[in-house]
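Participant: Fold the stuff below for me.
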Amino acid sequence: MQNGPASMIEGANVPIQQVGISGFKLPLRFELETGEITTLESAIEGYVGLQAGKKGINMSRIIRTFYRFKEDTFTPAKLEEILHAYKQDLESHSAFLKISFNYPMEQQSLRSGLSGYQYYRVSFEGRVDEVDNFAMFMHLDFEYSSACPCSYELAEHARATREIVAIPHSQRSVANITVQLKREMPLHELIQSIRDSLKTETQVMVKREDEQAFAELNGAYQKFVEDAARLIYEKLNKDERIYDFLVRCAHLESLHSHDAVSRICKGVPGGLR
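Facilitator: As a prediction, the model looks like this:
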């Protein structure tokens, strides 16, 4: 029934852009910033395009095809090889693959000399279209602190005019970043670019002196949500390895009961929006 004739199709006999599986997990190999190869639990989505007149696909073949590559070290470019295998094995005209995992990087404390592991939610994504054009993407969630410039000014005003102690507010914030790559880019270099842009990444190991240093950083690099988006834009736009990008910043407000959000894209015609 699954691969039966077109007469068995229910509903409109039209192409389906993506059909496949989501959420199957494997321990896969990735290269760390140090050059060491490590194994990380990864969640995988694999889809192919289903042409009009076809009843279905063999879902298990998506997993079986991927298993041929499970001992490889994974990068965005590795996805191209797997996607062409999908097209051949499933006799499809297009294919999509996404691998999501938590990537560890050692982070030094700000003053105390301690260190700990910061984990970044990351995805590698690849697409191959009907004429074998390959596109590769990296997705990154980056957490940082954002101190409100207005709150700082109001706190200073309260102290100067009424001799009242007021605490400027800051909040945990997150930047969701998608980059479309022209060529290979090490994951840790993308993470470092965002660190350099925002300056106020959340911390892992914190003693009193680190907390003070973090407060000083927030004071030195106050930012509205639109500032954060433009700071990241400025950094990514200079990187020649990146063809296109989309950034969504969300400041999870400690004052308001809603979040402040900004979105910015490179502006490539027909690109990410």
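Participant: Tell me the buried residues in stretch 263-272?
Facilitator: Residues 264-266, 272 are the ones in stretch 263-272 that count as buried (16 or more other Cβ atoms under 10 Å). Heads up, the C-betas are built off the backbone N, CA and C, glycines and all.
Participant: same check, this time on stretch 166-173
Facilitator: Within stretch 166-173, the residues that count as buried by 16+ other Cβ under 10 Å are 168-171, 173.
Participant: what bits of this protein have low per-residue confidence?
Facilitator: 1-7, 56 (pLDDT under 70).
Participant: for it, which strand is longest?
Facilitator: In the chain, with assignment by DSSP state E, the single longest strand is strand 16-31.
Participant: For it, output the C-alpha coordinates as CSV.
Facilitator: C-alpha atoms of strand 16-31 as CSV (Å, rounded to 0.1, in the frame of the first residue of the first chain):
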residue,chain,number,x,y,z
ILE,A,16,4.8,17.1,-1.0
GLN,A,17,7.9,19.2,-0.2
GLN,A,18,9.1,17.2,2.8
VAL,A,19,8.1,13.8,4.1
GLY,A,20,10.3,11.7,6.4
ILE,A,21,11.1,11.4,10.1
SER,A,22,12.0,13.7,13.0
GLY,A,23,13.6,13.1,16.4
PHE,A,24,15.6,9.9,15.9
LYS,A,25,18.7,10.0,18.0
LEU,A,26,22.3,8.8,17.6
PRO,A,27,25.7,9.3,19.3
LEU,A,28,27.6,11.3,16.6
ARG,A,29,31.2,12.5,16.4
PHE,A,30,32.1,16.2,16.4
GLU,A,31,35.3,18.2,16.6
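Participant: Make 441 the starting number, not 1.
Facilitator: In the new numbering, first residue 441, that becomes strand 456-471.
Participant: for the stretch 541-690 of the chain, what spans make up the helices?
Facilitator: Listed in chain order, the helices of the stretch 541-690 of the chain (DSSP state H, counting those that start in this stretch) span 589-602, 627-638, 648-660, 665-677.
Participant: Can you list the helices and strands that the longest strand of the chain packs against?
Facilitator: strand 477-490, helix 499-507, strand 535-548 (3 or more Cβ pairs under 8 Å, 6 or more residues apart in numbering; DSSP states H and E).
Participant: mind saving the C-alpha coords of the shortest one as CSV?
Facilitator: The reference is to helix 499-507. Output in CSV follows, covering the C-alpha atoms of helix 499-507 (Å, rounded to 0.1, in the frame of the first residue of the first chain):
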residue,chain,number,x,y,z
MET,A,499,10.7,5.7,6.2
SER,A,500,13.2,3.2,7.6
ARG,A,501,15.5,3.7,4.7
ILE,A,502,16.1,7.3,5.9
ILE,A,503,17.5,5.9,9.1
ARG,A,504,19.4,3.0,7.3
THR,A,505,21.0,5.5,4.9
PHE,A,506,22.1,7.7,7.8
TYR,A,507,23.6,4.8,9.7
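Participant: Any idea what the nearest residue to Thr640 once chain neighbours are set aside is bridged to?
Facilitator: Spatial nearest neighbour of Thr640, chain neighbours left out: Ser585 (4.5 Å); criterion: Cβ to Cβ, 6 or more residues apart in numbering. Beta-bridge pairing of Ser585 under DSSP bridges involves Arg612.
Participant: Count the neighbours of Ser585 for me.
Facilitator: By other Cβ atoms under 10 Å, 21 other residues sit near Ser585.
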